[in-house]
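>>> take a look and give me a structure for this.
(one chain, ligands or ions: 1)
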Amino acid sequence: MRRPFEAVDTTALMRAHAPPPEYFETEWFLPPEAIEQRQLARLRERAAQAYRVPFFRRRWDAAGFHPEGIRSLEDLWRAPAYTVEDLRKSIEANPPLGDYQGASLANADREPLRIFMSGATTGAPRPTLYTQWDREVGAILTARALYLQGIRPGDVVVNAWAYSTHNGAFNFDEALHKWLSCVVITTGTGNVTSSRRQVELARDYRATAILTTGDYLLHLAAVAKEMGLDPKRDLALRALPNIGDREKLEATFGLPNYQSYGFHEVQWVALECPARAGLHVFEDAYVVQIVDPETGERVPDGQQGSLCVTEIYKTGSPQFRYNIMDLSTLYPRERCACGSWLRRIAPFAGRGDQMVKLRGVNLWPEAVGAIARDDPRLEPEWFVRAVREGNRDEMIAHVVTRAEPAEHAAIAIAAETRLKERLGLRIRVEVAKPGALDAWTEIHTAPKPKRFRDERSSGNH
Ligand SMILES: [Zn+2]
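Sure, this is the predicted structure:
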């Protein structure tokens, strides 16, 4: 067998992907030619590896694309892209792992693996096998992000993320402990450690950050105030690596909040720098493109479209031109006020296909609607809204019945129970009479009924 610490040459790892603080003294300032030369070399290597994975070989052969055809970064455009739907089909046809993994459970004694799954609770969550190398690079990228946001080696940090099938909590832990020598207090969510206790721990140990959603951090600030504490004065927070309502977070804690971007299969992709002129892509680990969410065609630099991400750091499961359907913009390569030439993307601007992230869980309005109306008393009509209430994102499912108004409350409770059971989230259901949703669905006027509206004002997710 080979143990995890024997599976990675640490010197080679740190040369390939510098950890902080070194990263910000060297690679952050690389000139464009050096960035792109290295990208090309890694892209070619990754393409050769991906070609050995059935999912990619099948699609590339069908499209007439061969990894040896990559002679410049431009040639990446010739590889076919795919979406989450293609991964889902791969999983359905080859359960439970799909045929897109570049690692195998059968060899785990020699190539130590971890398995994590996407946050989606609709359909089959997408699994990814990570080699030890992939874990380490992911942790280094996260450590860079935490460092840039203000966490420093030796800090005490509260990790209040949920430890589950998802990568997030583990990735933060690995980044803090292994690459920043931080002392992690693992509290888990408010269900595991009470909010009061979380505040006490952060206060008593002078924690410099509490890793959780922006919503929950604001809740902790409210709890701290109830306890007679001033979140700015009585807590020692120095960084806000929390995704949420930026203005509220900054006002509550008196610290800057920087935006970031990443997702399950590829880990941490980009991070905003203090110049706040876009999110710098970690280009030693990714090539980012923007495509039209409808057609998949190339979108010119500076225009909004769907992010299409290729990772160039892994040794295990590849992601090569993954059209993730998150809307953003890729800016032309220019030197940032911070001194870096790393390319920048705009903050997440919504979903190309309307997926909603609710309290860290990916939800599709279609799935919510299907579950909400799964009751013989209900008509097929439905409509879902995402709204902002207090400090939380909420989803409201509207359904239609011909039953008497006296029965509406019971129908709503039954639907809310179904949603809670199947999605693990509380989603409010409102029951209406036939015709009441027509103005939203435009069922009589639009060629395709509308099913979803995002009414949250903030684009920061
Ligand atoms: Zn910058």
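>>> per-residue pLDDT, the closest residue to Lys433 other than its chain neighbours?
Of all residues not flanking Lys433 in the chain, Val400 sits nearest, at 7.0 Å (Cβ to Cβ, 6 or more residues apart in numbering). (Each C-beta comes from the backbone N, C-alpha and C, glycine too.) Looking at Val400, its pLDDT stands at 94.
>>> distance check, Val400 against Thr441.
Computed with Cβ to Cβ, to the nearest Å, the distance linking Val400 and Thr441 is 10 Å.
>>> common neighbours of those two, please.
Shared contacts of Val400 and Thr441 (Cβ atoms under 8 Å, 6 or more residues apart in numbering): Glu381.
>>> quick revisit: count of neighbours near the residue nearest to Lys433?
Val400 sits with 20 neighbouring residues when counted by other Cβ atoms under 10 Å.
>>> which positions in this structure make contact with the ion?
Cys273, Ala275, Cys336, Cys338, Ser340 (Cβ under 5 Å from the ion).
>>> residues of the helix ranked longest in the chain that come out buried?
Longest helix in the chain, counting residues (DSSP state H): helix 32-50. For helix 32-50, a neighbour-count test (16 or more other Cβ atoms under 10 Å) marks Ile35, Glu36, Arg38, Gln39, Leu40, Arg42, Leu43, Arg44, Arg46, Ala47, Gln49, Ala50 as buried.
>>> verify the stated contact: the fourth one with Glu283.
This points to Gln39. Yes. Between Gln39 and Glu283 there is a contact under Cβ atoms under 8 Å: 6.0 Å.
>>> A strand includes Ala222, no?
No. Assessed with DSSP: H, G, I helix; E, B strand; the rest coil, Ala222 is helix; it does not lie in a strand.
>>> can you tell me which residues contact the closest residue to Pro231 other than its chain neighbours?
Closest residue in space to Pro231, ignoring its immediate chain neighbours: Ala221 at 4.3 Å, by Cβ to Cβ, 6+ apart. With contact taken as Cβ under 8 Å, 6+ apart, Ala221 is in contact with Pro231, Thr252, Phe253.
>>> got those residues as a markdown table, with pLDDT, secondary structure and neighbour count columns?
Shown next, in a markdown table, are the contacts of Ala221 (pLDDT from 0 to 100; DSSP: H, G, I helix; E, B strand; the rest coil; neighbours: other Cβ atoms under 10 Å):
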| residue | pLDDT | secondary structure | neighbour count |
| --- | --- | --- | --- |
| Pro231 | 97 | coil | 21 |
| Thr252 | 96 | helix | 23 |
| Phe253 | 97 | helix | 21 |
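>>> the ion: which of these is nearest?
Comparing those against the ion with Cβ to the ion places Phe253 closest, at 22.5 Å.
>>> I'd assumed Lys232 was in contact with the closest one.
Yes. Judged on Cβ under 8 Å, Phe253 makes contact with Lys232 at a distance of 6.1 Å.
>>> using CSV, write down the CA coordinates of the strand or helix carrying Glu250.
Following DSSP states H and E, one finds Glu250 within helix 246-253. Coordinates of each C-alpha in helix 246-253 appear next as CSV, following Å, rounded to 0.1, in the frame of the first residue of the first chain:
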residue,chain,number,x,y,z
ARG,A,246,-21.4,42.0,1.5
GLU,A,247,-22.6,45.4,2.7
LYS,A,248,-24.2,44.0,5.8
LEU,A,249,-21.1,41.8,6.6
GLU,A,250,-18.7,44.7,6.2
ALA,A,251,-20.9,47.1,8.3
THR,A,252,-21.4,44.5,11.0
PHE,A,253,-17.8,43.5,11.5
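>>> what are the buried residues along it?
Using 16+ other Cβ under 10 Å as the test for burial, helix 246-253 gives Arg246, Lys248, Leu249, Thr252, Phe253.
>>> which other helices and strands contact the helix or strand bottoming out on mean pLDDT in the chain?
One helix or strand of the chain scores below all others by mean pLDDT, DSSP states H and E: strand 361-363, with a mean of 76. Where contact means 3 or more Cβ pairs under 8 Å, 6 or more residues apart in numbering; DSSP states H and E, strand 361-363 is packed against strand 356-358.
>>> so what strands line up beside the strand it packs on?
Within its sheet, strand 356-358 is paired with strand 361-363 (antiparallel), according to DSSP bridges.
>>> packing partners for the helix or strand following the strand it pairs with?
Going down the chain from strand 361-363, the next helix or strand is helix 365-372, by DSSP H and E. Where contact means 3+ Cβ pairs under 8 Å, 6+ apart, helix 365-372 is packed against strand 378-389, strand 392-401, helix 408-423.
>>> 10 Å instead?
Applying 3 or more Cβ pairs under 10 Å, 6 or more residues apart in numbering; DSSP states H and E, one finds that helix 365-372 contacts strand 356-358, strand 378-389, strand 392-401, helix 408-423, strand 428-432, strand 452-454.
>>> between Gln39 and Glu283, what contacts are shared?
Any residue near both Gln39 and Glu283 by Cβ atoms under 10 Å, 6 or more residues apart in numbering counts here, and that gives Ile312.
>>> returning to that earlier point: I'd say the residue nearest to Lys433 and Trp440 touch.
No. Val400 is beyond contact range of Trp440, at 11.2 Å (criterion: Cβ atoms under 10 Å).
>>> which neighbours do these two share?
The contact sets of Val400 and Trp440 overlap at Glu381, Trp382, Phe383 (Cβ under 10 Å, 6+ apart).
>>> and the residue of the stretch 1-150 of the chain found nearest the ion, how far from Arg126?
Per Cβ to the ion, Trp28 is where the stretch 1-150 of the chain lies closest to the ion, at 8.5 Å. Noted for Trp28: a distance of 32 Å to Arg126, by Cβ to Cβ.
>>> go on, Leu327?
Taking Cβ to Cβ as the measure, Leu327 falls 20 Å from Arg126.
>>> before we move on, what about Ala50?
17 Å.
>>> again with Ser164
Distance of Ser164 to Arg126, computed by Cβ to Cβ: 15 Å.
>>> can you pull the contacts of Ala209?
146, 149-151, 155-159, 172, 176, 182, 202, 217, 236-242, 255.
>>> can you select the buried ones from those residues in PyMOL?
Buried residues among the contacts of Ala209 (16+ other Cβ under 10 Å), as a PyMOL selection:
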select buried, resi 146+149+150+151+155+156+157+158+159+172+176+182+202+217+237+238+239+240+241+242+255
